[in-house]
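Visitor: Structure for this input, please:
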Amino acid sequence: MAQVLETGVAGLRAELDGPVATLVLDRPERRNAMTLAMWRGLPGVLGLIAARPEVRALLVTGAARTFCAGADIAELAEVYGDPARADAYHAENVAAEEALAAFPHPTVAVVHGACVGGGCQLAVACDLRFAAHDARFGITPAKLGVVYPSVPTVRLASLVGPARAKYLLFSGELVGAERAERFGLVDEVLPATELDARAREFAALLAKRSPQTIGAVKAALSVPPQEAAAALAPWERKSREAPDVREGLAAFLERREPRF
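Guide: Numbering: from 1, shown residues only. A predicted model of the protein is given here:
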């Protein structure tokens, strides 16, 4: 049975089940729309999860078969018109995204229903995205006159390419899961009844893989291509002495599962 980890942040729920943790956006009465308190609290909650030594993978999902409808528009309406408050809001928003992208273990967004605006921003910050057939994706600042911050803009373009990033950001239109998969925004599309089990199964698989290899990949792919070699170099040096390679090779030769 999953263990609930107290987050201290309304709207953010964390559960631990062996090596797989789950972060739930839990505000179903507002389709899990992100409040400023949720944006502000997310880095700390991720830190609590990452500090648990048993955790090796993280699922990010939403309550009540909806991923996230985006930022709470009522709060946005309050902060816009005051440049200082708007700047502070976007700083919290980007800091939350960056904390999710920097989580030390593999992250998988598990998307049912709406994944819109800030919700799509969080899904894109995950390493991978699994979606139900009924999932819908969209990034909607052009409908509101909001200038999307540079960090999520560049991250989206790195994932789907500049042309498709422009399509999503210019139009604000929602696209279905199959089209999102063609865009490169989604990695697997499954029936809604199978999604959660498949995502947990895959996360459990990732939890068995070498943390050293996964950490190196995340480090290399989190920077511009010209900086990847420098980001990877410390991991390569560490791998010469770390136990992962020895265990992996021994397990292969002994025809057993490695114990990283």
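Visitor: those strands in the stretch 51-200 of the chain, which residues are they?
Guide: 57-62, 107-111, 114-116, 128-132, 136-138, 175-176, 188-190 (DSSP state E, counting those that start in this stretch).
Visitor: Save these as TSV, and put in mean pLDDT and mean neighbour count too.
Guide: The C-beta positions use only the backbone N, C-alpha and C, and glycine is treated the same way. Listed next are the strands of the stretch 51-200 of the chain as TSV, based on pLDDT from 0 to 100; neighbours: other Cβ atoms under 10 Å:
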stretch	mean pLDDT	mean neighbour count
strand 57-62	98	25
strand 107-111	99	28
strand 114-116	98	27
strand 128-132	98	24
strand 136-138	98	23
strand 175-176	98	18
strand 188-190	98	17
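Visitor: Give the rounded mean pLDDT of the longest helix seen in the chain.
Guide: When the chain is parsed with DSSP state H, its longest helix is helix 83-101. For helix 83-101, mean pLDDT rounds to 96.
Visitor: Likewise for stretch 156-167?
Guide: 98.
Visitor: what sits up against that stretch?
Guide: Residues outside stretch 156-167 that contact it (Cβ atoms under 8 Å, 6 or more residues apart in numbering) are 124, 139, 153, 168-169, 183-185.
Visitor: Out of these, which sit inside helices?
Guide: 124, 153, 168-169, 183.
Visitor: just the buried members of those residues?
Guide: Buried members of the ones in helices among the contacts of stretch 156-167, counted by 16 or more other Cβ atoms under 10 Å: 124, 153, 168-169, 183.
Visitor: Which of those sits closest to residue 204?
Guide: Among those, residue 124 lies closest to residue 204 (Cβ to Cβ), at 23.5 Å.
Visitor: Look at the closest one and report its pLDDT.
Guide: If you check residue 124, the pLDDT there is 98.
Visitor: wait, isn't it in contact with residue 184?
Guide: No: counting by Cβ atoms under 8 Å, no contact exists between residue 124 and residue 184, whose distance comes to 10.6 Å.
Visitor: what's the offset of the helix or strand hosting residue 229 from the middle of its chain?
Guide: Applying DSSP states H and E as the criterion places residue 229 in helix 228-239. Centre-to-centre, helix 228-239 and its host chain are 24 Å apart (Cα atoms, centre = their mean, to the nearest Å).
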